[in-house]
Structures are given as C-alpha cells and as structure tokens.
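**Q** Turn this into a model:
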Amino acid sequence: MCGFFVHISNKTVSNKALNQSLGILKRRGPDHQKIIHYQFQNKHLYFGHTRLAILDLSQNANQPFQNDRFILVYNGEIYNHMSLRLKYCERYKFLTSSDTETLIALFSTNSPELFMEDVRGMFSFVLFDKNSGEIIAYRDRAGEKPLYISSNNDFLFFTSDIAAAKFHQNFNCNISHHAVDAYLQYGNIPYPLCIYENSFKLPPASKLNIDINSYPLIPSTSFNSFVNSHGIKFNYWWKYRIQESKYTNFLDAKKNIHESLKNAVRSQLISDVPLGLFLSGGIDSSLIASIAANETPSIECFNIGFEFSEYDESTQAKEIANHLGVKFTSLTCSRENAIDEIQSINNAYSEPFSDSSQIPTMLISRLARSNATVVLTGDCGDELFGGYNRYLLAQKYSKYLFLLPNSVKKLISKVARIGNSHFSESVFNYFFSKELSGNKKNRLLKAIDKIENINNDLDYFVSMITEWKLKDGIRNFEYLDERFTKYFKDSYSPQSLGFERMMAADFHSYMTDDILCKVDRASMHYSLETRVPFLDADVIDQSLKLPSYFKINNKLQTKYILKEILAEYVPRSIFEKPKQGFGVPISEWMKKDLKDFTEDYCSSAVNASHGFFNQLAVNKILKEHMQGEANHEHKLWTIVQFNSWYLSQK
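**A** Numbering: from 1, shown residues only. Model prediction:
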C-alpha cells in the first residue's frame, strides 16, 4: 500500500512543489519516499512515490520502479503475482520478489488484454513507456484504490490523493458545483467527479492510454471531455456481469462460494509484515475471521466496542474470537475519543465525506496499527450477497407499496412525522422489530419519510441512498445523476429481481464511493493496509451466479448462503443475533456533546463564506433536529462535514 503522483508538463517543476506533494502522501507510505525526473522529447515527467513496505522489504523493491522500457508507480497489492510470473513471465529476469516487479514484467512481456483478467488484487498504477511516450493507467475492479487525474493549464497530474496536486502552479482550486450537488445527495463525491473543477477520479475497472506528445495540456471541464481529448483512449478492462445461468443446487453453490472465499483469504494472508483482522461480530467479518483463523491460528483480531449499547457488538465479537481461539484486542469508543477523532477527519479525507462511521473506522485503524501493518476486513459482503435492509424491505414490501395511490403514500409520510415520530415508532415495533438491523427506528423513519416519492424499484433505490433532495431547497441542483437508470431497465439482466438490480447499482456506486473510500482514507491515515477478500475476482464471479433466493431466502433471511457457511465454523447461537451496524449516535451527539460544533458549522457566517447552501433550509432542519421534531442527522452531518472540510482548506 502506497501513495504516488505523476506530473507531466512542458516545463520543469520546482523541488518545493514536488516535495510538498510527496509530503501529503507520506502517511500512505512512511517507509520510503522518492521522486525521479524523466525527460521525453519536450515533456518533463516527475514520478513521486511513498512506500508502505508489505512484500519484499528490501530497497530493491522501492518505487518509482523502472526497467529498460517502463517507469512504474503503483499503489496496492497483487495477491497472485507469483503465479502470474510462472504463467506469463518465464523468461523475464527478476531482481526482487515484489509484486511491483511482477507488474512491470507483465507489461514488458505481454499485451494487457492477455493477462489483466487473471490479475487478483487491489491497485491503481501509472506506467510510462519510454519507447513510445505513452502513459498507461489502470484502476482495480471495484475501486479499492483511488486514482485522481487533474487536467490543468500546462500540466497533467495523476495521484493517489488529490491534495497532492494543490501545490502545483495553475492547479484549479475552484470547487465543482456538480460535486457539491452530488455530495449533498449521497454524502460522498461519486466517481468520476472530484471536489475540484478540472479534476476527476478514474472509474473502477477502467484504463487510460495517453500519447503525451498528442495530448494537449489544457483543462477539461468534465471527465467525458477529458477522455475524448486528442491522444487519449479510455475503456473498461473488466465488467460486472450478472450470469443468466445460475446455480440450481444450493449445496454445490455453497461449496464453491466457500472454496472461493478460502482461496481469497489464503492469498491475502501473504505478507512480510504483521497481519491482523477487523472483527465487528457481524456475519461478514466473522466468516473472514473464521477462515483466516483456520489458516493462521496466531492471527490477531481488532474490534471497536461502544459505550452506547445500541451500537455495541464487541461482546459478540469477543465470543466469536474466543470460539475461534484467536487473540482479541478491543477498544471501547467513548464519546470523548470519538469526538477527538473528528478533529482528524480533514487530515484523512481530502474531499468532503459524511458517512459518520468514518469515526469508528479511524479509531479501529489506529488501534490495529499498533500491532499490525496489514488487516483483512469483512467489507462488501452486503453488496454481493444481499445484506442491506433496503434489499429486504424491497423484497417483502415494494410490490405492495407501488400499488398504493400517491395520495395514500403522502398521507403515510405526513402522519409518520407527527409528534416526535411516536406513531412511526409504534408501527416499527409492531411490524419490523424482528426484521431490520442496526439503528432500527431511525432507519425506518428515514424510509417512511420517503414513501411519497416511490413508484418503482428505481425510485425506491434512489430514495434510500439519497439525503438532500431538490424539494428541500438547500440549493438548485445542476447535477442530475442518471447512473442508476440502466440497472433498472428491463433489458438489464431481464430475470433479475428488484433487489438484485439494487445490488448491481450499489456495487457501482455506494460500495466504491462510500464503503471503500471510507476504509481506504481512514486506514491510510494511520499507514495501515486493508484487504477485502469479498472483492476477490472469483468471489465476485461466483456471487453473480447465485439465484436470488440463495442470497435472501424465502424466509427473508439476508446473506443466507454466507450464514450457512459460517455455521460450519461458529455455532448459530453466537452469530444469529440482530446486527447493530458500525456507526455512532451522531444524532444525539449533535444535540448534546457536539451541539456548539454543529451550530457553528451550520451558521450563516460559515455558509456565507462559500455561498453553496440556502441558509433558510439549513436553519429549518437544524431547528427541527435540535427540538426533537425530526431526526435530520444525515442532512446535518453533510453540512457540518462540508463546512469543516472547506474551512480546513483555507
């Protein structure tokens, strides 16, 4: 795990700017830092790299890495790199045992169309071909590792962290209005958008080829205009494909999923530095821990507990660790240390980001780094195996909801907001208490509040993942997101149910832009590498062969097949308990411990400094929240986090 940048210009760059860029990336790579300058015809190229040494700790494996043909800067891990050497690079003379050299050897001896589908790992990298003057950039299948691109007057910049580009002359620091619109809706800035104009994120599973002699060094106003510039070729090297031919036998499917997970975990346990696990106590992390403990009994599990019981799963996690016989290290997240961690958020996240579970993610990353350099996580099982509440609700209730007249849906939504939502809570306790997990009441109220906008599966999905709407009056949205439409068309996987389409949409949005972004930025802030076995290519492919009822069964059990596999390792009495979710009671904190903090960052003085938000809309939700009339934690936290980030950039 590392950080890098590539600067391409017609002129030389000051050492001060280059070293400042490298300094920003040092948390991603504290073990070695280096910059090299290469001139190709009239172009000056600068390659900067900061290394977190994981495989082959020798200096020979440091980056930037080059051979006779290529210069490479690379962030990530290729787990099967030794088998790739045997299959594709038999005649290449290797000098190290690093996956970095494997990558440069693959491109030196083969066409990427031949081997990229076989690469198992997480990565973003930029190669420069010294013979042709071509830049080659790739990002992994799911977007585990970031890759920013900044197009400016006089230079083109690639980096693991957009903050590294800000030190260079002519970088455009103007905030993108489309990015602000998207952020208010989702709480993150989805690819290919970036918070700054003329800068972008390379989409997952995509590649760029740039002829630096043909490409004009000018700013692009959108990602589409950038990839259609002269000298650029853009394409996807891998595609998410729902298989029309599904498993019919559950035991066969279970066996193959289990074997794929075991292979994934086994390959991701390879490390030359101490390695551990995140164990929350939920199904996904418990399954990864079970498989890993079977392979490496001495492995250590890390956990964050909470002093607020509604969010705490540490007792269950400890019970699972004890059953597996692995070391268990837990930190109780108090109000005080969580609030202290909030002060570090803007150092870890270079763009606004408002998923409040970033707080415990940063705390557990700091805890794990005290004893480990690499951890395996249970992330992304929900998107592949049907774990989210919205899938369950869609499967059971959406067909009835769509039949209701709009007038009835509006009435339900209106009644739900009456008097501190006591009515909604009563409805929840009667109908849903055994079905929904996590902070149940708040999640249900959020769903009920949005009922009036739902007429089909697409409406339902969008309503569940968005916060601020146009009707809220926070600003006039210029950015209208149409990413999800294709997943809900009849032509897209015609046999798929509504919740399967939602899973596909989540894989291409929420999973990358929220879950993976959150974990990458939080863990890298503490120089900790995280690995995600559920995103192994074979695990993904196998999950897409499962019929819907192997994920959410006829009894409406979510992640059914994963629970059946976990039962081979852990008694059901331990893991078949309601999941709390990995979050913090930010709603209550904003009324008490963070009241002044919240009100300060929602103030007219702060909002007037940038002019992005309608103060009347902010005042309305702030008043309703503080007086207990409604729970606006998500809306408020997006405002607080944006303004906190904005002021930190001054």
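
**Q** For stretch 384-392, give the mean pLDDT please.
**A** Stretch 384-392 shows an average pLDDT of 92 in the prediction.

**Q** again but with stretch 280-287, I slipped
**A** According to the model, stretch 280-287 has a mean pLDDT of 95.

**Q** Return that stretch as CSV; C-alpha atoms alone will do.
**A** Extracted as CSV, the C-alpha positions of stretch 280-287 are listed here (Å, rounded to 0.1, in the frame of the first residue of the first chain):
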residue,chain,number,x,y,z
SER,A,280,-17.0,-6.4,14.2
GLY,A,281,-19.1,-9.5,15.2
GLY,A,282,-21.3,-9.4,12.1
ILE,A,283,-21.7,-12.2,9.6
ASP,A,284,-19.1,-11.0,7.0
SER,A,285,-16.2,-10.2,9.3
SER,A,286,-16.9,-13.3,11.4
LEU,A,287,-16.7,-15.5,8.3
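
**Q** chain center to that stretch, what's the gap?
**A** In terms of C-alpha atoms, centre = their mean, to the nearest Å, the centre of stretch 280-287 is found 18 Å from the chain centre.

**Q** Show me the contact partners of that stretch.
**A** For stretch 280-287, contacts defined as C-beta atoms under 8 Å, 6 or more residues apart in numbering pick out 261, 277-279, 303-304, 313-317, 319-320, 377-382, 387, 534, 559, 562-563, 565-566, 569-570, 575, 579, 582. Quick note: C-beta positions are derived from backbone N, CA and C, even for glycine.

**Q** Need the buried ones from these selected in PyMOL.
**A** Here is the PyMOL command that picks out the buried ones among the contacts of stretch 280-287, judged by 16 or more other C-beta atoms under 10 Å:
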select buried, resi 261+277+278+279+303+304+313+314+316+317+319+320+377+378+379+380+381+382+387+534+559+562+563+565+566+569+570+575+579+582
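
**Q** The residue nearest to residue 387 when sequence neighbours are not counted: what's it in contact with?
**A** Nearest-residue entry for residue 387: residue 559, 4.8 Å, with adjacent residues in sequence omitted and distances by C-beta to C-beta, 6 or more residues apart in numbering. Contacts for residue 559 were tallied using C-beta under 8 Å, 6+ apart; they are 283, 284, 381, 382, 385, 386, 387, 551, 552.

**Q** Please repeat the previous calculation with a cut-off of 6 Å.
**A** 283, 385, 387 (C-beta atoms under 6 Å, 6 or more residues apart in numbering).

**Q** same question, residue 373
**A** By C-beta under 6 Å, 6+ apart, the residues touching residue 373 are 273, 274.

**Q** Please report how far it lies from residue 276.
**A** Counting by C-beta to C-beta, to the nearest Å, the gap from residue 373 to residue 276 is 9 Å.

**Q** same check, this time on residue 198
**A** Counting by C-beta to C-beta - residue 198 and residue 276 are separated by 40 Å.

**Q** Just want the most central residue of this protein.
**A** Centroid-nearest residue in the chain: residue 516, 1.8 Å away (criterion: C-alpha atoms, centre = their mean).

**Q** Give the burial count for the closest residue to it other than its chain neighbours, as a bare number.
**A** In space, and not counting its chain neighbours, residue 516 is closest to residue 144: 5.4 Å by C-beta to C-beta, 6+ apart. Using other C-beta atoms under 10 Å, residue 144 has 28 neighbouring residues.

**Q** Spatially nearest residue to residue 4 (excluding sequence neighbours)?
**A** residue 73 (3.8 Å).

**Q** number of nearby residues for the one you found?
**A** If you count neighbours by other C-beta under 10 Å, residue 73 ends up with 28.
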